[in-house]
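S.K.: How does the following fold in three dimensions:
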Amino acid sequence: MPSVNSKTLLAFSAVSTLTALGLALYIALLPSAEQEKLSSSSHAVEDEVQTSPMVPPEATEVKEVKKEVKKPRHPLEAHDSTYGGCIYMDYNATTPVYTEVYESMIPYLTQYFGNPSSSHVFGPTAKRAIELARLQVAKLISCTAPYDEIIFTGCGTESDNRAIDIAIHQYLKQRDLNMRTCPESQLPEIVTSPIEHPAVLCYLRQLKAEGRINFKIIPVNSEGIVTLSEVEKALTKNTAMVTIMHSNNEVGTLQPIRAISHVITSFNKREKTKILFHSDAAQSVGKIPIDVHFLGVDMLTLVGHKYGAPKGIAILYARRNTVTDIPGMLVGGGQEKGRRGGTENVPYIVGLGTASAYASSHLLENIVHLLSLKLHFLSLLQTTLQTQGWLHLVKFNGPKRSVHYQQLQEDMKVLKLLFQSNQSPTASSSSMKGASPTAAATAGADTASPMSPSHHQHHHHPHNHQRVYVAENTAADVLEQLPNTISISFKGLIGHEIVSELGNRVACSAGSACHTVPATMTSAVSQPATGTFISNGDSSILIMSTEEGSHDAFDTGRNAHRLSLEEKKPHYVVSEVLQAMHVGDDYGLGTVRLSMGRYTTNEDIEQAVQEILRVVSFMWRKKGILLG
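M.R.: Prediction:
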C-alpha cells in the first residue's frame, strides 16, 4: 500500500461520508432545469460516495489506514503557550477553525492546487470540490437548487451589501427605471431594524447619502424583537426589500423571520408588488436550525468563520424563482455563473463545505451542549449575585425567558428529548460530557459517531430524515435567544473597562467585535444632536473629545491606546442596539457579551464566572457602588 498522510485521509473520509459527492459531479454536467430533481434524490447518491470520482485517489484507502489515525489536536490547546491560558468566550466574534475543516483544506493548498476554470487535468478536481462544498452548504440550509441559488462570496459584509444591490437592481428593472433619472418619489425603499449589523445599516446610510434609495428603520421592543405590526406599517409600493437579521450578534435575540415572511407575502399578493426578503443569519448557523423554505426568505447571508470555517469565505443564498435578475457582484471571468467574477478560493470553499457538513450532522447535539453551558453560567452567576445581594446591580439583555433559569431548564428538557429521539443507538455523546466533539467526529472505524457511514445512512432513511426535520424546527421554536449568547449589563461600570480588567484571563467582548469606526465615516454612523458619532454594535463606544471641540469615534479595544488621555478625554455612549432596546446609560454602558462554542467546557464557565465576579465587585467597590 502506498504511503498516505493519515490526516489527509481522515479529512476526506469525513467529507465523503457526510455529503452527496456523486450528485456534485452530475450538477456540474447537467442543465439547471434538472438540478432540483437531482437534489431531491441526493440521499440515494450518498450511498455511492466511496466510489465517487470527486474523492481524491488517496481517500479510497481510508478504511485500510483508519486505525492509524490519532485524535486531532484541539485547536485551542495552544492557549497555554500562546494566550497564557485565557478562557475564550467570544465565539460570536469568531470561532477557531475546526480541526477537520483545517485538514480538509490542506490538500487543496498543496496537491490539488489547480484553477477550477482550467480544462486540463488539474482543473476538474478543484471544480468538483467547489460543487461538493456547494452541496454541503445547501444541505445545511435546506436549499434544493444549489447550483442556481448558492453564491460564494468573500465575507458577510459582501453578502449583505450585494443582497441590497440585487434588490435595488431588480426593483428598478421591474419598473423600467434608471437610477440616474429615477424621480425621488419612486426611489426604491429598504425596510430594516435598528439592531442590524453595520454591513446593512452603514451601507444603507451611504446609499441614502448618495441619493440612490430611501430606507426605514422599524423599532424593536425592549427584548430586541421586531413586531409584525411595525413591519406591515412600513411596507409601501416603493419597498424593494425588507432585511431583518435572523439573530442579533450583540444580545442574541432571535427574530420571527417566518412570521415576517408571511406579512411580506400577504402584502405582495394584495398590492401586486414583488418585495424581497433578506436575512443575515451569520450568527445562527450551527446554533439554530436554518431552513430557507421554512423561513420563507428570498436571500440569506451565511459567514464561514462564525461556525468553524476560516475567515474570508461566506455565501449569499438567492432564491431562483423570486430573485430573478442578479447583476454581477464582481465583473470578470464569469465564475459563479457570471454572478461573481474572480478565481474561486478553493481551499476556503472546501473548508466552508466541511464546516457546513459538521453543523448539519451535529445541530441538535450542539444546541444542547451550548444551552447546558448557558444554564451552568446563569446558575453560578445568579446564585452568587443573590447571595451577595447584588442582583439589583445586574441586567440581562434580550428575551426575559432566555435568562430565567427555571424556564430555561424546562426548555432544556424538551431539547434533550428531541436530541435523544434523534440519536442513532450507537451515536457518540462524548461532547455532551464535556469532552471535545472533535474526538467523536474523527474516531476510528470501531467508534460509531455521528460522522460515521452507518449513522449517516440511518440519518437519511426517509422516516428518520422527516423526524430530524421536525426535531430541529421544534428546537428553533423553543428558543428565543441564541443558546450560546449572554449579554449582561453591570450598573455604573464601563464594559470596555471590564473587558480590559479581565485581561488575559477571560476573552469576551463589550458588545460586537466586528468593526471600528473611523472619524471620517460620517455616512456610516448615526449622528446625535451632540455631534458625536455612534457605531452600531459595541455596547459602549468611546468618543474622544479634544479641547478644540472636535469629536473622533474610536473602537476602544484597538485605537484608544494610540491617544494620550492628557490630550483627549474619553466619553462613552450606549450602542445603537441597546439604545433601540431602551437600555439606559446606567446599565447599558457596562454591558459585556459572552458567547460560548464547540470547545467551551463547564470548567471554562466556572472559571469565567469567578473572574467576572472578582473584577466587577472590585470595580463596584472602587466606584463606591459597593461598600466594604
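
S.K.: how long is stretch 328-342 from one end to the other?
M.R.: End-to-end distance for stretch 328-342: 11 Å, by C-alpha to C-alpha, to the nearest Å.

S.K.: for stretch 274-284, that is, sorry about that
M.R.: 27 Å.

S.K.: Name the residues of it that come out as buried.
M.R.: Using 16 or more other C-beta atoms under 10 Å as the burial criterion, the residues of stretch 274-284 that qualify are 274, 275, 276, 277, 278, 279, 280, 281, 282, 283, 284. All C-beta spots, glycine's among them, are computed from the backbone N, C-alpha and C.

S.K.: Quick check: of those, which lies closest to residue 167?
M.R.: Ranked by distance to residue 167 (C-beta to C-beta), the buried residues of stretch 274-284 are led by residue 276 at 4.9 Å.

S.K.: Next, find the distance separating the closest one from residue 227.
M.R.: The gap separating residue 276 from residue 227 is 21 Å, by C-beta to C-beta, to the nearest Å.

S.K.: Next: residue 366.
M.R.: 30 Å.

S.K.: Pick out whichever of these two has more residues nearby.
M.R.: residue 366 (24 against 15; other C-beta atoms under 10 Å).

S.K.: so who does the more buried one touch?
M.R.: 286, 287, 359, 437, 598 (C-beta atoms under 8 Å, 6 or more residues apart in numbering).

S.K.: contacting residues for the first one?
M.R.: In this structure, residue 286 makes contact with 306, 307, 308, 355, 358, 359, 362, 363, 366, judged by C-beta under 8 Å, 6+ apart.

S.K.: TSV for these, including pLDDT, secondary structure and distance to residue 502?
M.R.: Formatted as TSV, the contacts of residue 286 follow (pLDDT from 0 to 100; DSSP: H, G, I helix; E, B strand; the rest coil; distance: C-beta to C-beta, whole Å):
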residue	pLDDT	secondary structure	distance to residue 502
306	97	helix	23
307	96	coil	25
308	95	coil	25
355	97	helix	29
358	96	helix	30
359	95	helix	29
362	92	coil	30
363	90	helix	31
366	92	helix	26
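
S.K.: Where does pLDDT dip in the stretch 201-350 of the chain?
M.R.: 334-336, 338, 341 (pLDDT under 70).

S.K.: Which residue ranges of it form strands?
M.R.: Residue ranges of the strands in the stretch 201-350 of the chain, as given by DSSP state E, counting those that start in this stretch, are 214-217, 239-243, 276-280, 299-303, 314-318.

S.K.: Now do the contacts for residue 246.
M.R.: Counting by C-beta under 8 Å, 6+ apart, the residues that residue 246 touches are 254, 255, 257, 279, 280, 281, 283, 284, 288, 290, 295, 300.

S.K.: ok, the third one touching residue 298?
M.R.: No. Applying C-beta atoms under 8 Å, one finds residue 257 not in contact with residue 298, separated by 11.6 Å.

S.K.: one step back: mind telling me the two of the contacts of residue 366 farthest from one another?
M.R.: So, these by C-beta to C-beta: farthest apart are 287 and 437, at 13.8 Å.

S.K.: So for these two, which residue has more residues nearby?
M.R.: Applying other C-beta under 10 Å to residue 287 and residue 437 shows that residue 287 carries more neighbours, namely 28 against 23.

S.K.: correct me, but the more buried one touches residue 481?
M.R.: No. Using C-beta under 8 Å, residue 287 makes no contact with residue 481, being 10.1 Å away.

S.K.: Mutual contacts of these two, please.
M.R.: Common neighbours of residue 287 and residue 481 (C-beta under 8 Å, 6+ apart) are residue 247.

S.K.: shouldn't residue 340 be in contact with residue 150?
M.R.: No. Residue 340 is not in contact with residue 150 according to C-beta under 8 Å; the separation is 11.3 Å.

S.K.: just to revisit the earlier point, of residue 257 and residue 298, which one has the most company?
M.R.: residue 298 (26 against 23).

S.K.: what's next to the helix or strand containing residue 608, contact-wise?
M.R.: When elements are assigned from DSSP states H and E, residue 608 belongs to helix 602-622. Under the criterion C-beta under 8 Å, 6+ apart, residues 87-89, 373, 376-377, 380-381, 384, 388, 390, 393, 434, 490, 492-493, 497-498, 501-502, 505-506, 508, 592, 594, 596, 626-628 lie in contact with helix 602-622.

S.K.: Just the ones in strands from these, please.
M.R.: Applying DSSP state E to these, the entries found in strands are 87, 88, 490, 506, 592, 594.

S.K.: Spatially, which two of the buried residues of stretch 274-284 are the most separated?
M.R.: Longest span within those, C-beta to C-beta: 274 and 283, 28.4 Å.

S.K.: Name all residues that make contact with the residue nearest to residue 129 when sequence neighbours are not counted.
M.R.: Leaving aside its chain neighbours, residue 129 sits nearest to residue 350 (5.3 Å; criterion: C-beta to C-beta, 6 or more residues apart in numbering). The neighbours of residue 350, taking C-beta under 8 Å, 6+ apart as the test, are 104, 105, 108, 129, 130, 132, 133.

S.K.: what about the fifth one, which helix or strand?
M.R.: Under the criterion DSSP H and E, the helix or strand holding residue 130 is helix 122-141.

S.K.: what does the first one give?
M.R.: Taking DSSP H and E as the definition, one finds residue 104 inside helix 99-109.

S.K.: Can you report how many residues lie near residue 382?
M.R.: Residue 382, neighbours per other C-beta under 10 Å, totals 17.

S.K.: oh, and call the first residue 6 from now on, that's how I've got it
M.R.: Okay, residue one is now 6; in that scheme the one you just asked about reads as residue 387.

S.K.: roughly how far apart are it and residue 158?
M.R.: Applying C-beta to C-beta to residue 387 and residue 158 gives a distance of 41 Å.

S.K.: do residue 91 as well
M.R.: Residue 91 is 32 Å from residue 158, by C-beta to C-beta.

S.K.: One more: residue 595?
M.R.: In terms of C-beta to C-beta, residue 595 sits 36 Å off from residue 158.

S.K.: In terms of packing, which of these two has more residues around it?
M.R.: residue 595 (29 against 25).

S.K.: Now for the more buried one: which residues touch it?
M.R.: Residue 595 touches 494, 495, 496, 497, 498, 499, 500, 503, 545, counting by C-beta under 8 Å, 6+ apart.

S.K.: Can you report phi and psi for residue 176?
M.R.: For residue 176, the backbone dihedrals (degrees, to the nearest 10) come out as phi -60, psi -50.

S.K.: For it, give me its contacts.
M.R.: Applying C-beta under 8 Å, 6+ apart, the residues near residue 176 are 182, 193, 245, 246.

S.K.: Can you say which of the residues you listed are buried?
M.R.: 193, 245, 246.

S.K.: list the buried ones in stretch 179-196?
M.R.: So, applying 16+ other C-beta under 10 Å, buried residues of stretch 179-196: 187, 192, 193, 194, 195, 196.

S.K.: Now do the helix holding residue 613, average pLDDT.
M.R.: Averaged over helix 607-627, pLDDT sits at 96.

S.K.: Pull out the buried positions in that helix.
M.R.: Buried, per 16+ other C-beta under 10 Å, within helix 607-627: 609, 610, 613, 614, 616, 617, 618, 620, 621, 622, 624, 625.

S.K.: could those be laid out in JSON lines, adding distance to residue 150?
M.R.: Below are the buried residues of helix 607-627 laid out as JSON lines (distance: C-beta to C-beta, whole Å):
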{"residue": "609", "distance to residue 150": "41"}
{"residue": "610", "distance to residue 150": "42"}
{"residue": "613", "distance to residue 150": "43"}
{"residue": "614", "distance to residue 150": "46"}
{"residue": "616", "distance to residue 150": "49"}
{"residue": "617", "distance to residue 150": "47"}
{"residue": "618", "distance to residue 150": "51"}
{"residue": "620", "distance to residue 150": "51"}
{"residue": "621", "distance to residue 150": "51"}
{"residue": "622", "distance to residue 150": "56"}
{"residue": "624", "distance to residue 150": "54"}
{"residue": "625", "distance to residue 150": "56"}
